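Q: give me a 3D structure for the following:
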Amino acid sequence: MKAVLSAILLLASLGAAAQKVVLDSYFNNEIKKDAAGKPYSWHYKWEETAMSGFSILGGKFLQQGADTATLYGPPTAASLQHADVYIIVDPDNAKENPAPHLVSGTDIKAIVEWVKKGGVLLLMGNDSANAELAHFSRLSQAFGITFSNRSRNMVKGKDYRTGSVLIPEGHAIFPSVKKVYLKELSILDVKPPAKAMVKIGDDVIVAVSKVGKGTVFAVGDPWLYNEYTDGTRIPADYQNAAAADDLVKWTLQQCRKK
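A: Modelled structure (predicted):
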């Protein structure tokens with residue numbers, strides 16, 4: 001009987017679909033030109049191995065058995081249908097893109113309905129000088145979170161201490177780390193159903209909201225890009241790479257079972 005049960009569990013495991021982690025490239029769509037003059041989208045992309053990319057974070061999702069994909073168009077019921085996780089990072093302002101795609105009411109409706117059905121939404125903002133926060137906050141406010149125009153951890157030069165964020169022992173999201181590095185971030189304002197998960201004094205750095213069957217994670221900076229997870233740019237006592245591991249595991253644990 002035990003052998004039969006083990007075989008059934010193994011087959012179920014082999015047949016389980018991989019969780020799909022979708023990264024936005026619609027609201028964050030900064031354009032550069034390559035050596036041949038061909039325009040391309042850059043900054044916080046899965047395939048981007050430069051310091052500005054998310055290739056390390058994407059690799060951590062792959063290591064946990066998830067699939068990664070990129071959404072180049074707006075979020076809709078159809079485009080999010082197969083997504084388990086949807087990540088929006090650093091939405092463009094006019095300085096970054098002369099024709100930015102601002103979060104609309106239609107976008108918000110589609111995302112909220114997707115979350116209620118069990119989607120996991122990761123929102124990574126930036127300080128107000130480097131991201132469009134007004135429309136972005138209309139989305140996050142549907143979950144009790146606002147990306148404020150108040151900024152902190154404004155690091156000057158290599159004064160890394162200014163970017164220090166301490167993580168309480170036994171943290172629900174980041175159990176493996178004690179200290180991480182975040183610079184030039186938007187302070188979050190939260191109200192129910194959102195809850196503050198990481199704070200510096202009264203300033204909320206990370207918040208989580210549970211809505212319907214889904215989960216929303218918000219942080220005021222795109223802080224887990226390659227520059228701060230590859231282990232070469234910040235002092236070794238900052239545990240950003242381990243924090244990325246923790247966040248990936250926690251995120252996938254929030255996904256509805258397939």
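Q: ok, and for stretch 95-113, which residues are buried?
A: Of all the residues in stretch 95-113, those buried under the rule 16 or more other Cβ atoms under 10 Å are Glu96, Asn97, Pro100, His101, Leu102, Val103, Asp107, Ile108, Ala110, Ile111, Val112. Heads up, the C-betas are built off the backbone N, CA and C, glycines and all.
Q: go on, stretch 122-133?
A: By neighbour count with 16+ other Cβ under 10 Å, stretch 122-133 contains the buried residues Leu122, Leu123, Met124, Gly125, Asn126, Asp127, Ser128, Asn130, Ala131, Glu132, Leu133.
Q: which elements pack onto the helix or strand harbouring Leu188?
A: Per DSSP states H and E: Leu188 is located in strand 185-190. Strand 185-190 is packed against strand 145-152, strand 203-211, strand 214-219, with contacts defined by 3 or more Cβ pairs under 8 Å, 6 or more residues apart in numbering; DSSP states H and E.
Q: mind redoing it with 7 Å?
A: Under the contact criterion of 3 or more Cβ pairs under 7 Å, 6 or more residues apart in numbering; DSSP states H and E, strand 185-190 touches strand 145-152, strand 203-211.
Q: about what we covered before: the buried residues of stretch 122-133: which two are farthest apart?
A: Pairwise distances across the buried residues of stretch 122-133 (Cβ to Cβ) peak at 19.8 Å, for the pair Leu122 and Ser128.
Q: the strands in the protein, which residues?
A: For the chain, the strands defined by DSSP state E cover 20-24, 30-33, 39-42, 67-71, 85-89, 120-124, 145-152, 164-166, 179-181, 185-190, 194-200, 203-211, 214-219.
Q: can you tell me which of the ones you listed is nearest to Ala244?
A: strand 179-181 (9.5 Å).
Q: make CSV out of the helices and strands packed on strand 185-190 and add mean neighbour count and distance to Ala78.
A: As requested, those are exported to CSV (neighbours: other Cβ atoms under 10 Å; distance: least, Cβ to Cβ, whole Å):
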stretch, mean neighbour count, distance to Ala78
strand 145-152, 20, 26
strand 203-211, 21, 21
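Q: any chance of these in a markdown table with distance to Leu224 and mean pLDDT as columns?
A: Shown next, in a markdown table, are the helices and strands packed on strand 185-190 (distance: least, Cβ to Cβ, whole Å; pLDDT from 0 to 100):
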| stretch | distance to Leu224 | mean pLDDT |
| --- | --- | --- |
| strand 145-152 | 17 | 98 |
| strand 203-211 | 12 | 98 |
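Q: Glu169 is nearest to which of these?
A: With Cβ to Cβ as the criterion, Glu169 lies closest to strand 203-211 of these, at 15.8 Å.
Q: what packs against the closest one?
A: In terms of contacts (3+ Cβ pairs under 7 Å, 6+ apart), strand 203-211 is packed against strand 145-152, strand 185-190, strand 194-200, strand 214-219.
Q: hmm, back to that, can you redo the strands of the chain as JSON lines with distance to Leu57?
A: Compiled in JSON lines, these are given as follows (distance: least, Cβ to Cβ, whole Å):
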{"stretch": "strand 20-24", "distance to Leu57": "9"}
{"stretch": "strand 30-33", "distance to Leu57": "18"}
{"stretch": "strand 39-42", "distance to Leu57": "15"}
{"stretch": "strand 67-71", "distance to Leu57": "9"}
{"stretch": "strand 85-89", "distance to Leu57": "9"}
{"stretch": "strand 120-124", "distance to Leu57": "10"}
{"stretch": "strand 145-152", "distance to Leu57": "20"}
{"stretch": "strand 164-166", "distance to Leu57": "18"}
{"stretch": "strand 179-181", "distance to Leu57": "14"}
{"stretch": "strand 185-190", "distance to Leu57": "17"}
{"stretch": "strand 194-200", "distance to Leu57": "18"}
{"stretch": "strand 203-211", "distance to Leu57": "16"}
{"stretch": "strand 214-219", "distance to Leu57": "13"}
